[in-house]
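J.: have a look; sequence and predicted model below, questions after that.
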Amino acid sequence: MAAYKTIAPAGSHAQWPAGMVEEMRENAMSPIVGSTLVSETDKVRVWHLHVPAGKRCTFHRHVLDYFWTCHSHGTARGYFEDGSITETVHFPGDTRHLTYGKGEHLVHSVENVGTTDLLFTTVEYKQSANAPLPVPDAVRLMVAA
């Protein structure tokens, strides 16, 4: 299991970088939980998330049960809707499963505070307690003809 620690407790929005609270509000309903949606069936969505060293993915909302697996070594900082901040040291194979009940969700952003790129695969289960949020075509994998 990854080394995980809380950097700031809930209610710590004042410790966030400038503009981040507004970004969270603007993206609080974003279904884009990865960089690219690489596969989708009636049962699952499979995402790749690539976060280069020193970069951050924008805020997004999880409503479906899902798991993620990390494919690289690195350190991530998480910013959560409640204002908390965490830091996690990841390794290849590091995996976490999350479940949400009816009406539950998670809004967060992941920042790569390490020196190596982070790569994750996230699998969402569409047959969860909550309906899937619609995903825009712009984030779907496009295969050249």
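T.: Alright, I've got the coordinates.
J.: so which residue is smack in the middle of this protein?
T.: Val33 (5.1 Å; C-alpha atoms, centre = their mean).
J.: what helix or strand is that one on?
T.: According to DSSP states H and E, Val33 maps onto no helix or strand at all.
J.: these two touch, right, it and Thr58?
T.: No - with contacts counted by C-beta atoms under 8 Å, Val33 stays clear of Thr58, the gap being 10.7 Å. Yep, even glycine has a C-beta here, placed from its N, CA and C like the rest.
J.: and stretch 55-68, how far from the chain's centre?
T.: 3 Å (C-alpha atoms, centre = their mean, to the nearest Å).
J.: what about the nearest residue to the residue nearest to the centre of the chain once chain neighbours are set aside, neighbour count?
T.: Nearest non-adjacent residue to Val33, counting by C-beta to C-beta, 6 or more residues apart in numbering: His60, 5.0 Å away. By other C-beta atoms under 10 Å, the residues close to His60 number 21.
J.: show the contacting residues for His60.
T.: Asn27, Ser30, Pro31, Ile32, Val33, Val107, His108, Ser109 (C-beta atoms under 8 Å, 6 or more residues apart in numbering).
J.: please save the CA atoms from the worst-scoring helix or strand of the chain on mean pLDDT in CSV.
T.: Counting by mean pLDDT, DSSP states H and E, the weakest-scoring helix or strand in the chain turns out to be strand 3-8, with a mean of 92. Taking Å, rounded to 0.1, in the frame of the first residue of the first chain, the C-alpha atoms of strand 3-8 are listed here in CSV:
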residue,chain,number,x,y,z
ALA,A,3,2.7,5.8,1.8
TYR,A,4,-0.1,8.3,2.4
LYS,A,5,-0.3,11.3,4.7
THR,A,6,-2.6,14.2,5.3
ILE,A,7,-0.9,17.6,4.6
ALA,A,8,-3.9,19.7,5.7
